[in-house]
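Enquirer: What follows is a predicted protein model with its sequence.
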Amino acid sequence: MIVKTRTPVETQALGRKLGRLLKGLDVVCLYGELGSGKTTMTKGIAAGAGFRGRVMSPTFGLARLYRGKRLTLNHLDLYRVGAAETGDIGLEDFLHDPKAACVIEWPQAGAAYYPKDRLEVRLSHAADGRRLAFKAMGRRSRELLRRLESA
Ligand SMILES: Nc1ncnc2c1ncn2[C@@H]1O[C@H](COP(=O)(O)OP(=O)(O)OP(=O)(O)O)[C@@H](O)[C@H]1O
Ligand SMILES: [Mg+2]
């Protein structure tokens, strides 16, 4: 599925739809260059999980936890993490919490730890906004994508 959004508000709205569909153990990987909209998308996802507080890139930590009304969301940003360090950051604890879904910005470094069945989103700059390419990697993520398409 490919979606184009013209404004950050549209990207957030799409994120909110996805956030409403997520449940514990779901993993969403957000790939894309600086400023492509990963955190903007995450704001919407958190809103869809029922979280009302502030969402920002976990610049000074690695992870932020949003306790939404409906679902807890772990927001990870591995921008500053090298592949060799991923063993030290307890990635598994975030990924294996049955009550939480995970959204990961700059997910490259942690690739070895993700479940095979995850939703991958590739964000890029487009002439009139952003382009978001969604790819389901398994059964559950296919279901998510199917439901997102008709949401
Ligand atoms: N269609 C759009 N969708 C999302 N953001 C947009 C769009 N159009 C313009 N923008 C702007 O692009 C910027 C996206 O910033 P954001 O922090 O979401 O990017 P990011 O991918 O998380 O970057 P980083 O790699 O630094 O974490 C914001 O300033 C936002 O206002
Ligand atoms: Mg960001």
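Expert: Sure thing, it's come through. Residues are numbered from 1 along each chain as shown. Ligands and ions are numbered 1, 2, ... in the order given.
Enquirer: for this protein, which spans come out with low pLDDT?
Expert: For the chain, applying pLDDT under 70 flags the ranges 59-61.
Enquirer: of all the residues in it, which ones are close to ligand 2?
Expert: In this structure, the chain approaches ligand 2 at residues 38-39, 57, 105, judged by CB under 5 Å from the ion. Heads up, the C-betas are built off the backbone N, CA and C, glycines and all.
Enquirer: Just the buried residues of these.
Expert: Applying 16 or more other CB atoms under 10 Å to the residues of the chain next to ligand 2, the neighbour count classes 38-39, 105 as buried.
Enquirer: Cross the residues of the chain next to ligand 2 against helices and list the overlap.
Expert: Using DSSP state H, the subset of the residues of the chain next to ligand 2 located in helices is 38-39.
Enquirer: give me the subset of the residues of the chain next to ligand 2 touching ligand 1.
Expert: Intersecting the residues of the chain next to ligand 2 with the surroundings of ligand 1, defined as CB under 6 Å from any ligand atom, gives 38-39, 57, 105.
Enquirer: Could you dump those into a markdown table and include distance to L71?
Expert: Converted to a markdown table, those look like this (distance: CB to CB, whole Å):
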| residue | distance to L71 |
| --- | --- |
| K38 | 19 |
| T39 | 19 |
| S57 | 20 |
| E105 | 18 |
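Enquirer: Mind checking if the top helix by length along the chain is in reach of ligand 1?
Expert: Ranked by residue count, the top helix of the chain under DSSP H comes out as helix 8-21. Yes: looking at helix 8-21 against ligand 1 by CB under 6 Å from any ligand atom, the contacts come from 8, 10-11.
Enquirer: can you list contacts of that helix?
Expert: Contacts of helix 8-21 with the rest of the structure, by CB atoms under 8 Å, 6 or more residues apart in numbering, involve 3, 5, 28, 37, 40-49, 68, 70-71, 73, 119, 129-130, 132, 144, 147-148, 151.
Enquirer: Of the residues you listed, just the buried ones, PyMOL syntax please.
Expert: Selecting in PyMOL just the buried members of these, where the criterion is 16+ other CB under 10 Å, is done with this command:
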select buried, resi 3+5+28+37+40+41+42+43+44+45+46+47+48+49+68+71+73+119+130+132+144+148
